[in-house]
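Participant: Let's see this in three dimensions:
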Amino acid sequence: LEGEHALVGELAAGNVELSVHLTQRTQDIQLASDQRDAARAELTRIQEEFTSTRSKLAIAGLNQALGQVLIEQRRALPDPGTLRKQSRTRERQVADVGLEQIELGEQRRTLRDSNAYLTVLLEGVPPDEAEALRPELDSLVDSRIELIDQSLESGSRYLRVLGEFDLAQRQLLISVEEYRDFLDRKLLWMRNSAPIGLGVLASLPSDLQRFLSPTNWAQFFKDFSVSLRAKPWMLILFAVLFGLAFARPRFLARIDACARNVNKIRSYQFSDSLWALVYTLLAVAPLPIALGLTGALASTNLGAAPFSEALGSSLLLIVGDLLVIGFFVGASRSNGLMRKHCNWSDATVDKLRRELRWFLAVFPLLRLIGMTSFQLDGTGPLGGLAVLGLAGSGLALALLIFRLFTPDGGILRDYLNRHARGALAQTRPIWLSILLAVMPVLVLLWLAGYTYTGRELAFSVKYSFWLVLALMMLQGLLARWLLSGYQRLEF
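Facilitator: Down below sits the predicted model:
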């Protein structure tokens with residue numbers, strides 16, 4: 001548009017922008033239509049599969065073969081979290097398109113009287129020049145009106161398609177959740193694999209050789225380095241994590257500094273406890289996150305070896321365990337959160353720290369070995385190393401619970417002694433027996449072929465245990481906050 005008048009160039013450039021936007025909108029409509037049709041097809045498939053599964057269970061009942069089929073069907077279901085995330089993204093799209101429609105409508109009203117629009121546009125332009133420009137500007141305005149009308153029409157179609165897509169996916173989400181709940185109820189007490197006997201140990205030597213093979217580990221680090229070269233920005237994350245790990249002594253020193261203010265009415269602030277919480281997390285987080293990033297890079301490399309994929313995905317699975325256990329170990333330091341800020345007794349904190357330290361060394365490692373071997377075994381029979389690793393991690397959790405609550409109540413000893421006539425102390429033999437039996441029973445169920453039952457309930461026990469510890473710490477922090485406020489008022 002060089003050599004053209006500024007007004008002509010501005011209108012022409014605006015028309016080009018509208019034209020490009022209209023082309024993109026056409027592509028967006030086609031994409032949304034395809035996604036809508038795919039969602040409708042998936043909805044139909046899941047509804048038909050749900051009906052078929054109900055019929056099969058009514059006819060054949062609960063059996064091992066059908067249990068394995070149901071597990072595969074559950075794995076193939078769309079992730080509800082992903083569907084909800086897509087729904088939120090679509091809501092933002094609808095809002096953006098609606099705003100564009102309003103802006104286009106305002107432009108269209110401005111151009112309703114093109115002669116008046118051009119008169120305003122040509123204000124300040126000499127009459128002779130304005131007369132010469134008017135025909136060309138009039139043509140551009142007509143084109144602008146036509147493009148705006150087309151954009152408004154395509155925007156309306158896009159909103160309609162997005163609405164249909166949203167409706168289809170909401171129906172899909174409802175069906176997926178109903179089907180998942182149905183499968184969870186049926187699978188919970190359904191045997192879905194053959195019982196695991198001592199014969200699986202025959203593969204233990206070959207499984208160990210596969211896991212410890214220098215060739216496999218060299219390939220893992222090769223896949224990691226290839227993926228890292230393809231994503232060099234990940235080096236920034238590793239550098240940050242290295243910096244945090246290097247600063248660990250400073251974080252620990254800051255935790256000690258926060259602890260020194262706890263019993264000082266004038267200087268203590270609740271923010272000291274919050275900062276101690278933050279510093280504990282910063283001191284623990286670098287290594288687990290670095291291991292998770294390493295696993296993610298190695299397992300997502302295109303053409304990664306099976307061992308790299310299995311080990312990488314298993315590293316991702318244990319990141320949460322390392323973070324949670326490491327946090328509680330850090331919180332149980334001599335000047336840590338539990339002892340100083342939550343006011344737990346020395347005996348309780350010492351026992352918890354002692355038991356969690358060996359658990360931190362054993363449980364994630366056993367789970368890593370078990371999950372890696374499990375994934376390498378594929379759809380075939382489980383190998384000895386996978387069985388030992390997974391069953392061993394469950395038994396390690398059982399041993400932790402046993403050692404934490406024995407003897408004489410374990411970490412609850414001081415509380416039980418103070419409330420000797422309370423319901424918890426009076427019923428201690430009952431709840432302790434149940435608590436100690438849960439994990440061994442779940443491991444036995446898993447070995448007996450109730451793999452889904454054993455796995456899901458074991459996860460529930462583990463998460464519940466960490467949740468109880470976290471809530472106990474939260475209660476201690478809140479009590480510290482209320483106590484400090486009361487002391488300030490009294491002082």
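
Participant: Just to check, Lys56 is in contact with Ala65?
Facilitator: No - using CB atoms under 8 Å, Lys56 is not in contact with Ala65; the gap is 10.4 Å. The C-beta positions use only the backbone N, C-alpha and C, and glycine is treated the same way.

Participant: who's more crowded, those two?
Facilitator: The neighbour comparison of Lys56 against Ala65 (other CB atoms under 10 Å) goes to Lys56, with 14 against 10.

Participant: Excluding covalently adjacent residues, which one is nearest to the more buried one?
Facilitator: Distances taken as CB to CB, 6 or more residues apart in numbering place Leu66 nearest to Lys56, at 6.2 Å, with adjacent residues excluded.

Participant: could you measure the one you found against Glu178, distance?
Facilitator: Distance of Leu66 to Glu178, computed by CB to CB, to the nearest Å: 19 Å.

Participant: Looking at the two, which is more packed in?
Facilitator: Between Leu66 and Glu178, Leu66 has the larger neighbour count (other CB under 10 Å), namely 20 against 13.

Participant: give me the element the more buried one is part of.
Facilitator: Following DSSP states H and E, one finds Leu66 within helix 64-76.

Participant: list the contacts for Leu315?
Facilitator: Leu315 makes contact with 291-292, 294-296, 368 under the criterion CB atoms under 8 Å, 6 or more residues apart in numbering.

Participant: now do Lys462
Facilitator: Lys462 neighbours (CB under 8 Å, 6+ apart): Leu397.

Participant: Over the stretch of helix or strand it belongs to, what's the mean pLDDT, rounded is fine.
Facilitator: In the assignment (DSSP H and E), Lys462 maps to helix 451-490. Average pLDDT, helix 451-490: 86.

Participant: Stretch 269-286 too?
Facilitator: Stretch 269-286 carries an average pLDDT of 93.

Participant: one step back: pull the distance from the helix holding Lys462 to the chain's centre.
Facilitator: Its chain's C-alpha centre and that of helix 451-490 lie 21 Å apart, by CA atoms, centre = their mean, to the nearest Å.

Participant: angle of it against helix 64-76?
Facilitator: Helix 451-490 and helix 64-76 meet at an angle of 50 degrees, taking axes from the mean of the first three to the mean of the last three CA atoms, to 10 degrees as the criterion.

Participant: So which bits of helix 451-490 are buried?
Facilitator: Under the neighbour-count criterion of 16 or more other CB atoms under 10 Å, helix 451-490 has 451-454, 457-458, 461-462, 465, 469, 473, 476-477, 480, 484 buried.

Participant: Next: stretch 196-203.
Facilitator: Across stretch 196-203, burial judged by 16+ other CB under 10 Å covers 196, 200, 203.

Participant: Could you tell me which of these are located in helices?
Facilitator: Using DSSP state H, no member of the buried residues of stretch 196-203 falls within helices.

Participant: Which one of the residues you listed is nearest to Glu42?
Facilitator: Using CB to CB, the shortest approach to Glu42 within the buried residues of stretch 196-203 belongs to Ile196, at 35.1 Å.

Participant: For Thr372, give me the backbone phi and psi.
Facilitator: In terms of degrees, to the nearest 10, the main-chain angles of Thr372 are phi -60, psi -50.

Participant: my guess is it meets Leu311, correct?
Facilitator: Yes - at 5.0 Å, Thr372 counts as touching Leu311 under the criterion of CB under 8 Å.

Participant: hmm, back to that, elements contacting the helix holding Leu66?
Facilitator: Judged by 3 or more CB pairs under 8 Å, 6 or more residues apart in numbering; DSSP states H and E, the packing partners of helix 64-76 are helix 6-60, helix 127-187.

Participant: circling back: include pLDDT when you put the buried residues of stretch 196-203 into TSV, please.
Facilitator: Formatted as TSV, the buried residues of stretch 196-203 follow (pLDDT from 0 to 100):
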residue	pLDDT
Ile196	87
Val200	88
Ser203	91
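
Participant: Any chance of those in CSV with distance to Glu153 as columns?
Facilitator: As requested, the buried residues of stretch 196-203 are exported to CSV (distance: CB to CB, whole Å):
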residue, distance to Glu153
Ile196, 64
Val200, 66
Ser203, 66
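
Participant: Which member of those is positioned nearest Trp275?
Facilitator: Nearest to Trp275, judged by CB to CB, of the buried residues of stretch 196-203 is Ile196 at 48.5 Å.

Participant: Does that closest one touch Gly384 like I think?
Facilitator: No - with contact defined as CB under 8 Å, Ile196 does not reach Gly384; the gap is 9.7 Å.

Participant: Break down the stretch 251-400 of the chain into its helices, ranges please.
Facilitator: Using DSSP state H, counting those that start in this stretch, the helices of the stretch 251-400 of the chain run over residues 270-284, 286-300, 306-331, 346-377, 384-404.
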